[in-house]
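Colleague: Give me a 3D structure for the following:
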Amino acid sequence: MEDVLGYQGKSVVVTGAASGMGQATAQILTELGASVTALDIKPATIPVARALQIDLRDKANIEEVAATIDGPIDGLFSCAGLPGPPFSEWDTILVNFVGARHLAEALVPKMSEGSAISVISSSAAIGWQGHIKVITELLETEGFDAAVAWLTANEKKWSWSGYAYSKYIIDAWVGWWYPELGRRGIRINCINPGPTETAMMPAFQDLMGKDTVDQAIGPVGRYSTAEEQAWPLVCLGSPRLSYVGGEVLWTDGGWNGAMTMGRHQAQWADTAADEMSKTH
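Modeller: Residues are numbered from 1 along each chain as shown. As a prediction, the model looks like this:
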């Protein structure tokens, strides 16, 4: 595969590399010539330079694994995540944000100038700006233990959905952290995928109902594949996008744009129902 994105010979770390979007990301990066360190709680099944097991709920394990990864690191792709039930809200927010942040902070000192952190969030983060005041309190915490202490003290504010709230936090985090990272020549961005065909999807459908999940399909008219989400993530991490930082890229098949402009099919259905009610 031609390396137009500048990954040949680069050293990158991919979390969640054993399945789904993380696996697709690791596969693409390997094919582009990068040396991939794959991290997951499960064994990686694709050929990478190095595969390590990690539990992002465990502070000591995160630090142990991070210590074994030598620099310079040219890219971190934070793809690990839990969908919520059947996992607990605590496990979900620890893996999706607290552990992910702790690992990233441990690896930043080993990251080279011009490197990038690319994170998977979700279209479930829509409306996160309405939670900035509370989210900022969590973002101001320093380290794993302080984040856990804040979450414990403020459990009622986020425990209605560890999944959705973790995605609110990630969308805010990239804008929060980039001013600091930028001074070190490191970028951070995230993608907000729409419904994607991965191993996590049945859990989402069981939790929220398939009809509800399907309402998050954009005008593209279908679920995405894991590879269709991995490519935008890989592009964000490329040195070719050196002027893109602190950004949220909606990879949702047009859902956010349609929702913003009142042109999503679910909104049209609501409008039609309202008009019908006025005539009866």
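Colleague: how about the strands in the stretch 101-250 of the chain?
Modeller: Using DSSP state E, counting those that start in this stretch, the strands assigned to the stretch 101-250 of the chain run over residues 111-120, 187-193, 196-197, 224-225, 248-251.
Colleague: could you say what helices and strands the last one packs with?
Modeller: Secondary-structure packing of strand 248-251 (3 or more CB pairs under 8 Å, 6 or more residues apart in numbering; DSSP states H and E): helix 162-182, strand 187-193, helix 226-237. Every C-beta, even on glycine, is put in place using the N, C-alpha and C of the backbone.
Colleague: rerun at 6 Å
Modeller: strand 187-193, helix 226-237 (3 or more CB pairs under 6 Å, 6 or more residues apart in numbering; DSSP states H and E).
Colleague: Quick one: distance of that strand to the chain centre.
Modeller: 10 Å (CA atoms, centre = their mean, to the nearest Å).
Colleague: Moving along the chain from that strand, name the first helix or strand you hit.
Modeller: Using DSSP states H and E, the helix or strand that follows strand 248-251 in sequence is helix 255-260.
Colleague: Just the CA trace of that following helix, in CSV.
Modeller: C-alpha atoms of helix 255-260 as CSV (Å, rounded to 0.1, in the frame of the first residue of the first chain):
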residue,chain,number,x,y,z
TRP,A,255,-26.3,12.4,11.0
ASN,A,256,-25.1,15.4,12.9
GLY,A,257,-25.5,17.8,10.0
ALA,A,258,-29.0,16.6,9.2
MET,A,259,-30.0,16.8,12.9
THR,A,260,-28.6,20.3,13.1
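Colleague: any idea which of the helices and strands packed on strand 248-251 is most buried?
Modeller: Counting by mean count of other CB atoms under 10 Å, strand 187-193 has the highest mean neighbour count of those, with a mean of 25.
Colleague: Show me what that one is in contact with.
Modeller: With CB atoms under 6 Å, 6 or more residues apart in numbering as the test, strand 187-193 has contacts from 116-123, 125, 170, 174, 177-178, 181, 229, 232-233, 236, 245, 247-251.
Colleague: Would you show me how to pick out the buried ones of these in PyMOL?
Modeller: The following PyMOL line selects those of the contacts of strand 187-193 that are buried, judged by 16 or more other CB atoms under 10 Å:
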select buried, resi 116+117+118+119+120+121+122+123+125+170+174+177+178+181+229+232+233+236+245+248+249+250+251
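Colleague: gap between the two ends of stretch 35-55?
Modeller: Distance across stretch 35-55, first residue to last, is 22 Å (CA to CA, to the nearest Å).
Colleague: what comes into contact with it?
Modeller: Residues outside stretch 35-55 that contact it (CB under 6 Å, 6+ apart) are 11-18, 26-27, 29-30, 61, 65, 69.
Colleague: Could you tell me how many residues sit around residue 99?
Modeller: Neighbourhood size, residue 99 [other CB atoms under 10 Å]: 25.
Colleague: What strand or helix carries it?
Modeller: Using DSSP H and E, residue 99 maps to helix 99-107.
Colleague: Start from the N-terminal end of this structure and give the helices.
Modeller: Read by DSSP state H, the chain holds these helices, from start to end of the chain: 20-31, 59-67, 89-93, 99-107, 132-139, 144-153, 155-158, 162-182, 201-208, 210-214, 226-237, 255-260, 265-278.
Colleague: What's the local residue count around residue 133?
Modeller: Counted with other CB under 10 Å, residues neighbouring residue 133 total 7.
Colleague: Okay, it and residue 93: tell me how far apart.
Modeller: Distance of residue 133 to residue 93, given as CB to CB, to the nearest Å: 18 Å.
Colleague: for residue 59, same thing?
Modeller: Counting by CB to CB, the separation of residue 59 from residue 93 is 14 Å.
Colleague: and the two? which has more neighbours close in?
Modeller: Counted by other CB under 10 Å, residue 59 and residue 93 do not tie: residue 93 has more neighbours, with 29 against 18.
Colleague: Pull the contacting residues for the more buried one.
Modeller: Contact analysis of residue 93 by CB under 6 Å, 6+ apart lists 162, 166.
Colleague: let's see it at 8 Å
Modeller: Neighbouring residues of residue 93 by CB atoms under 8 Å, 6 or more residues apart in numbering: 151, 158, 162, 163, 165, 166.
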